[in-house]
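Engineer: Sharing a sequence plus its predicted fold:
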Amino acid sequence: MSGKPSVTATEDVSPVMEGYAFDLQSLETYMRANVEGFKPPLSVGQIVGGMSNPTFMLEDAAGRRYVLRKKPPGELLPSAHAVDREFKVIRALADTGVPVAKAYALCEDESVIGQMFYIMEFVQGRVVRDMALPDSDPVERAAIYDSMNDVLARLHGVDFHAVGLENFGRVGGYMTRQVSRWTTQYKATQTDELPAMDTLIDWLPKNIPDDLETTIAHGDFRMENLIYHPTEPRVIAVVDWELGTLGNPLSDLAYNCLPYHMPDPNRGDIIDIDFATYGIPSEADYVAAYCRRTGRDGIDNWPFYLVLSLFRMAAIIQGVYYRGLQGNAPSPEAVTNSELAGLWSEKAVAILERSS
């Protein structure tokens with residue numbers, strides 16, 4: 001299990017990190033004009049974690065709290081850290097039954113605090129850090145997983161045309177683009193020969209299922225990116241929409257199911273638990289619940305979606321390791337993970353070999 005708390009409150013904040021401070025007076029001026037009910041002055045803290053877009057907690061003179069997400073400082077790739085896309089999808093989902101924070105304002109004027117940013121409501125609740133839920137009883141564990149499943153199904157049921165997201169991504173071809181993107185990225189950051197990655201690079205493009213189905217896809221749908229009610233096992237907000245797009249819904253589901261296949265020292269291990277006794281659904285039961293909610297009669301080619309998600313993770317991990325060797329990784333631990341990409345890709349190969 002992780003040494004981190006298994007559940008943390010969303011108000012956990014730290015002082016603003018060096019290099020991330022911004023002009024509070026300028027922000028107050030902007031919020032007076034654009035955030036209804038705002039009362040200066042502001043206090044600010046930084047929410048730290050794995051988010052690539054810096055995230056801050058704001059509190060005004062009336063005790064009202066907000067969350068600000070902005071682009072990082074420094075030079076960025078043109079399409080990176082698209083906080084405007086995050087704001088767009090959160091605002092579009094406001095009345096759909098998918099729980100999201102209220103989106104107040106998007107500021108594209110970089111002169112205000114130095115980078116583009118948006119402001120949304122602060123949602124007070126619990127963030128679950130350990131998917132094994134060691135501090136919960138079986139009934140609560142089952143309910144926590146069921147709520148996560150329900151929210152994912154709700155998201156994939158939203159008519160993206162009806163909510164104005166028809167231009168949020170391309171319709172169809174998502175998995176084809178994913179295979180190409182992560183193959184290219186892996187090759188650009190490759191440091192060692194990984195036979196399993198070579199196997200996947202050969203197998204994936206030859207085995208892509210029907211690639212037409214398109215829904216809103218979160219892109220990073222996992223328990224840690226959900227806020228649960230303070231006392232109830234119920235999701236009250238989905239956060240961290242950095243990878244949101246139009247995509248294949250089963251790619252979201254497969255990514256959500258990766259903990260059934262790979263343990264994570266930072267997020268717990270559910271692979272060898274007794275699911276029936278422990279309260280957490282098995283992968284088969286979790287997928288079946290999603291199918292019931294979305295009107296599916298099972299999922300053809302399920303192993304493909306898992307293999308693609310594992311391949312994607314292996315390519316991402318390899319990229320982080322490569323940047324660590326170059327001295328550009330977000331964490332000094334990156335250079336210690338030389339074997340991780342191989343482990344994830346080998347798990348993917350094991351799945352495709354079992355399925356065939």
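Structural biologist: Nice, thanks for sending it over.

Engineer: Residue 318 should be in a helix, yeah?
Structural biologist: Yes: judged by DSSP: H, G, I helix; E, B strand; the rest coil, residue 318 forms part of a helix.

Engineer: What score does it have for pLDDT?
Structural biologist: pLDDT, residue 318: 91.

Engineer: number of nearby residues for it?
Structural biologist: Residue 318: 28 surrounding residues under other CB atoms under 10 Å. Bear in mind the C-beta positions are built from the backbone N, C-alpha and C, glycine included.

Engineer: For the nearest residue to it once chain neighbours are set aside, pull up the helix or strand it's in.
Structural biologist: When the adjacent residues along the chain are set aside, residue 318 lies closest to residue 341, with 4.0 Å between them (CB to CB, 6 or more residues apart in numbering). Assigned by DSSP states H and E, residue 341 falls within helix 340-355.

Engineer: Just give me the neighbour total for the closest residue to residue 31 other than its chain neighbours.
Structural biologist: Closest residue to residue 31 apart from its sequence neighbours, by CB to CB, 6+ apart: residue 38 at 4.5 Å. Burial of residue 38 is recorded as 21 neighbouring residues (other CB under 10 Å).

Engineer: show me what contacts residue 38?
Structural biologist: Counting by CB atoms under 8 Å, 6 or more residues apart in numbering, residue 38 touches 31-32, 60, 64.

Engineer: Show me how the protein divides into domains.
Structural biologist: What automatic domain parsing lists as the domains of the chain is 7-124, 127-355.

Engineer: Mind pulling up the pLDDT for the nearest residue in space to residue 263 that is not next to it in sequence?
Structural biologist: In space, residue 263 comes closest to residue 269 once its chain neighbours are excluded; the distance is 3.7 Å by CB to CB, 6+ apart. If you check residue 269, the pLDDT there is 92.

Engineer: Likewise for residue 166?
Structural biologist: At residue 166, the pLDDT value in this model is 97.

Engineer: Please apply the same query to residue 321.
Structural biologist: Looking at residue 321, its pLDDT stands at 85.

Engineer: That one reaches residue 338, doesn't it?
Structural biologist: Yes: at 6.1 Å, residue 321 and residue 338 qualify as touching, with contact defined as CB atoms under 8 Å.

Engineer: what about these two, which has more around it?
Structural biologist: When neighbours are counted by other CB under 10 Å, residue 321 and residue 338 differ, and residue 321 comes out ahead with 22 against 15.

Engineer: re the thing from before, could you measure from the residue nearest to residue 318 over to residue 132?
Structural biologist: 24 Å (CB to CB, to the nearest Å).

Engineer: Which one's more surrounded, those two?
Structural biologist: Taking neighbours as other CB under 10 Å, residue 341 and residue 132 compare with residue 341 leading, 28 against 21.

Engineer: mind listing the helices for the stretch 1-150 of the chain?
Structural biologist: Under the criterion DSSP state H, counting those that start in this stretch, the stretch 1-150 of the chain contains helices at 24-34, 83-92, 138-156.

Engineer: ugh, wrong one, I meant the stretch 151-300 of the chain
Structural biologist: Under DSSP H, counting those that start in this stretch, the stretch 151-300 of the chain gives helices at 174-189, 195-203, 249-256, 275-278, 283-294.

Engineer: Quick one: these as TSV, columns for mean pLDDT and distance to residue 123 too.
Structural biologist: What follows is those, written out as TSV (pLDDT from 0 to 100; distance: least, CB to CB, whole Å):
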stretch	mean pLDDT	distance to residue 123
helix 174-189	95	29
helix 195-203	97	38
helix 249-256	98	20
helix 275-278	96	28
helix 283-294	98	23
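
Engineer: I'd like those laid out as JSON lines, including mean neighbour count.
Structural biologist: JSON lines is the format used below for these (neighbours: other CB atoms under 10 Å):
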{"stretch": "helix 174-189", "mean neighbour count": "17"}
{"stretch": "helix 195-203", "mean neighbour count": "18"}
{"stretch": "helix 249-256", "mean neighbour count": "24"}
{"stretch": "helix 275-278", "mean neighbour count": "13"}
{"stretch": "helix 283-294", "mean neighbour count": "17"}
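
Engineer: Right, I'll call it a day here.
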